[in-house]
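Student: Model the structure of this input:
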Amino acid sequence: MSESTSLREIAVERDGLVATVEIRRPPHNFFDGKLVAEIAEAFEELDADPSVRVVVLASEGRSFCAGADFSKRMEAGTVSQGTRSPSGRHLYKEAIRLFRTRKPIVAAIQGAAVGGGLGLALVADFRVACSEARFSANFNRLGYHPGFGLTATLPRLVGAQKAALLFYTSRRVPGEEAVRIGLADLLVPLSELRRATAALALEIAQSAPLAVLATRETLRRGLAEAVEAATERELVEQERLRQTADFKEGIKAMAERRLPDFKGF
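Tutor: Residues are numbered from 1 along each chain as shown. This is a model prediction of the structure:
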């Protein structure tokens, strides 16, 4: 077992045929362009490592990834600052890199996968969840447009009708329901989450690696391109809605833990 030390926001550990990429921004693992760029760098390095066949995506803390920390940025007056990586690329551009990597990814979802955090969870081929997991595309309840390519990935996974319901209501989906609707693939107790995720990854890794890569390429053909096209539209709409009073109210209501009072402007 070996661990990479060159990355700051994440840790990469190799254990035989399986590597684990762990996000280390507990308790909620809010993301920004820098974090997404580091995950992309790690995935690309593991793509180039012939000893690794499957990647586990996991995180420290209570949440898998609670998305972007909008309330903190609104207070600082820098709501769009964290959307860029150190190279100046928008985090959605970095996200497309995740979808272009070739090796299977299994995500361990121990808590909230919310907003862009849900988008990150849907980069993976499979999601292992527990009862404590919560999935939510909460953008509309914030007065915002969905992002992170979710307008492409979520309908592909659960169907257009169910995706629309999740977008429009921003409802939270617990682990049991997530498995029932196809948002997650396996439900296990929280205490067994990492072990079960590693076991599924190893089961995949024990199949013929060239055949798995070829099959994955066929199944996901066009996905990265669809995500890229979706994020172009998402960015335009997010920029427009960011200027509205409803967006400010949505963020304020979230911080105050109350139902927002939207006015439609």
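
Student: how close does residue 56 sit to residue 50?
Tutor: Distance, residue 56 to residue 50, using CB to CB, to the nearest Å: 18 Å. All C-beta atoms are positioned from the backbone trio N, CA, C, and that covers glycine.

Student: for stretch 239-257, what is the average pLDDT?
Tutor: The predicted model gives stretch 239-257 an average pLDDT of 96.

Student: same thing with stretch 131-145?
Tutor: If you average the pLDDT over stretch 131-145, you get 97.

Student: Could I get the buried residue list for it?
Tutor: For stretch 131-145, the neighbour count (16 or more other CB atoms under 10 Å) marks 132-145 as buried.

Student: can you pull out the helices in the stretch 151-265 of the chain?
Tutor: Using DSSP state H, counting those that start in this stretch, the helices of the stretch 151-265 of the chain run over residues 160-169, 175-181, 193-205, 209-219, 223-241, 245-256.

Student: again, but for the stretch 1-150 of the chain
Tutor: Counting by DSSP H, counting those that start in this stretch, the helices of the stretch 1-150 of the chain are 33-47, 70-76, 91-100, 116-121, 150-158.

Student: And those: which comes nearest residue 244?
Tutor: Between residue 244 and those, the tightest spacing by CB to CB is seen for helix 70-76, at 13.3 Å.

Student: picking up where we left off before, if we compare the helices of the stretch 151-265 of the chain, which one ends up closest to residue 24?
Tutor: Using CB to CB, these put helix 193-205 closest to residue 24, at 14.6 Å.

Student: now the closest one, how far from the centre of its chain.
Tutor: 19 Å (CA atoms, centre = their mean, to the nearest Å).

Student: What is it packed up against?
Tutor: strand 18-23, strand 54-59, strand 105-109, strand 126-129 (3 or more CB pairs under 8 Å, 6 or more residues apart in numbering; DSSP states H and E).

Student: Only the C-alpha atoms, please, for it, written as CSV.
Tutor: Only the C-alpha atoms of helix 193-205 are listed here, as CSV (Å, rounded to 0.1, in the frame of the first residue of the first chain):
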residue,chain,number,x,y,z
LEU,A,193,-19.3,1.7,3.7
ARG,A,194,-15.6,1.9,3.0
ARG,A,195,-15.2,-1.9,3.1
ALA,A,196,-18.1,-2.5,0.8
THR,A,197,-16.9,0.2,-1.6
ALA,A,198,-13.5,-1.4,-1.7
ALA,A,199,-15.0,-4.8,-2.2
LEU,A,200,-17.0,-3.7,-5.2
ALA,A,201,-14.0,-2.0,-6.7
LEU,A,202,-11.9,-5.2,-6.3
GLU,A,203,-14.7,-7.3,-7.8
ILE,A,204,-14.5,-5.0,-10.9
ALA,A,205,-10.7,-5.1,-10.9
